[in-house]
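Asker: Let's see this in three dimensions:
(one chain, ligands or ions: 1)
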Amino acid sequence: MDYSSILEQVFKESKAYSSVGKIANYIPELSNINPDKFGLYIQTKDNQHFELGDSLEPFSIQSISKVFTLSMAFSLLGENIWKRVGVEPSGSPFNSIVQLEYENGIPRNPFINPGALVITDILLTHLNNPKTDLLLFVRKLAQDDSINFDLNIAQSEKETGHHNASLVHMLKAHGNINNPCEEVLDFYYHQCSIVMNCKQLAQSFSPYASLIEPFDFASVELNKSQVKRINAIMLSSGFYDESGEFAFKVGLPGKSGVGGGIIAFLPHEYSIAVWSPKLNKKGNSVRGMKALELFTTLSGQSIF
Ligand code: GLN
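Answerer: Residues are numbered from 1 along each chain as shown. Predicted coordinates:
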């Protein structure tokens, strides 16, 4: 597959979308980013890589971190995890509280905010140094020890995070949070603030894409069946209430974040990270999604 020439076309054709969408300014610190940034990085099974634009510039991964925390919690709790969080698409915005109330505090899946807050609570209960352990896990996956939290972003979200605070209190009222709400929110904002570039993201998802043999999940113990399940949730819920649209247009499992990043992968072939900060109304990167749609269309490859 001639990925280089496909990428040239992806770059050109997706450019028209760079003026569409808005930066996530509900987290004030995120609005400092240059909205015109665009980066893309592909890591293939035979250890080749291809890149475009600002692929080495770090950005806030936000909800992409929910895959890492789910992986850690799943390895700690095994199947018991599904007593506290479901695996169905929500069909609702990532921060919706409505469904949580009428479903008695059991979030639909681990990739909407209430689900991720429950996962955060599980990690706080089971780990002595949750923040350090998370960073070590991500650094090992990405093979890069420079990865860190952005404390300004974490603080900025804490100051304005009334919506997430209401979610965690609703969960606690239903008995699905065991630690103090403030501690859950603090760890949650830290995990969202992790800063990575497209290269580090593509690298860190290569085990999920089964690009690495032998099977190795860094410091976390997951078997192939568990990884299959995490990937299934990425396909069905990785893009909130736009997950169906993403499967329809792109045809890959993946995860987005309101920092404008998207990670996606074709199992046994490649992982691909793209970053463009302007988002659509559902919180997904406009140009990022278009670039991935073009990429799978032009390459003729997808999981379907
Ligand atoms: N930190 C963000 C929030 O809780 C993450 C949301 C996202 O990336 N979709 O609102």
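Asker: Retrieve the pLDDT associated with the spatially most central residue of the chain.
Answerer: Compute the mean C-alpha point of the chain, and by C-alpha atoms, centre = their mean the closest residue is I64, 1.5 Å away. Looking at I64, its pLDDT stands at 98.
Asker: wait, doesn't it sit right on V258?
Answerer: No. If you go by C-beta atoms under 8 Å, I64 and V258 don't touch, sitting 9.8 Å apart. Backbone N, C-alpha and C define where each C-beta goes, glycine included.
Asker: how much space between the residue nearest to the centre of the chain and the ligand?
Answerer: 7 Å (C-beta to the nearest ligand atom, to the nearest Å).
Asker: Identify the residue spatially nearest to that residue, adjacent ones excluded.
Answerer: In space, and not counting its chain neighbours, I64 is closest to G257: 4.3 Å by C-beta to C-beta, 6 or more residues apart in numbering.
Asker: Distance check, the one you found against L201.
Answerer: Distance from G257 to L201, counting by C-beta to C-beta, to the nearest Å: 10 Å.
Asker: can you tell me which residues contact V20?
Answerer: V20 sits next to 278, 280, 286-287 when contact means C-beta atoms under 8 Å, 6 or more residues apart in numbering.
Asker: That one in helix, strand or coil?
Answerer: Look at V20: counting by DSSP: H, G, I helix; E, B strand; the rest coil, its state is coil.
Asker: Check the one 5 residues further on too.
Answerer: Counting by three-state DSSP, the backbone at N25 sits in coil.
Asker: Number of residues surrounding it?
Answerer: 11 (other C-beta atoms under 10 Å).
Asker: now do the one 3 residues further on
Answerer: For P28, the neighbour count with other C-beta under 10 Å is 15.
Asker: Can you give me the distance of it to H268?
Answerer: 41 Å.
Asker: what sits up against the worst-scoring helix or strand of the chain on mean pLDDT?
Answerer: Lowest on mean pLDDT, DSSP states H and E among the helices and strands of the chain sits helix 98-102, with a mean of 93. Residues from elsewhere that reach helix 98-102 (C-beta under 8 Å, 6+ apart): 90, 92, 107-108, 114, 167, 170-171, 174.
Asker: Among the residues you listed, name the ones in helices.
Answerer: Within these, residues falling in helices by DSSP state H are 114, 167, 170-171.
Asker: Would you mind listing which of those are buried?
Answerer: 114, 167, 170-171 (16 or more other C-beta atoms under 10 Å).
Asker: re earlier: surely the residue nearest to I64 meets S63?
Answerer: Yes. Shown here, G257 and S63 form a contact pair, counting by C-beta under 8 Å, at 4.2 Å.
Asker: next one: phi and psi at S60?
Answerer: For S60, the backbone dihedrals (degrees, to the nearest 10) come out as phi -80, psi 120.
Asker: mind checking how far it is from the ligand?
Answerer: On the measure of C-beta to the nearest ligand atom, S60 and the ligand end up 8 Å apart.
Asker: ok, that residue touching C192?
Answerer: Yes. Using C-beta under 8 Å, S60 makes contact with C192 at a distance of 7.2 Å.
Asker: hey, what's in contact with both of these two?
Answerer: 153, 257.
Asker: Contacts only, for D133.
Answerer: 72, 123, 127, 219.
Asker: repeat that for 7 Å
Answerer: D133 makes contact with L127, according to C-beta atoms under 7 Å, 6 or more residues apart in numbering.
Asker: On the pLDDT front, check it for me.
Answerer: For D133, the model assigns a pLDDT of 97.
Asker: Next to the ligand, which bits of the stretch 101-250 of the chain? Give me the list.
Answerer: Proximity of the stretch 101-250 of the chain to the ligand is confined to 113, 157, 164, 192 under the rule C-beta under 6 Å from any ligand atom.
Asker: Same list (those residues) but as JSON lines, adding distance to I233.
Answerer: Output for these, formatted as JSON lines (distance: C-beta to C-beta, whole Å):
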{"residue": "N113", "distance to I233": "15"}
{"residue": "E157", "distance to I233": "24"}
{"residue": "N164", "distance to I233": "20"}
{"residue": "C192", "distance to I233": "18"}
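Asker: Looking at these, spot the one nearest K228.
Answerer: Proximity of these to K228 (C-beta to C-beta) peaks at N113, which lies at 24.6 Å.
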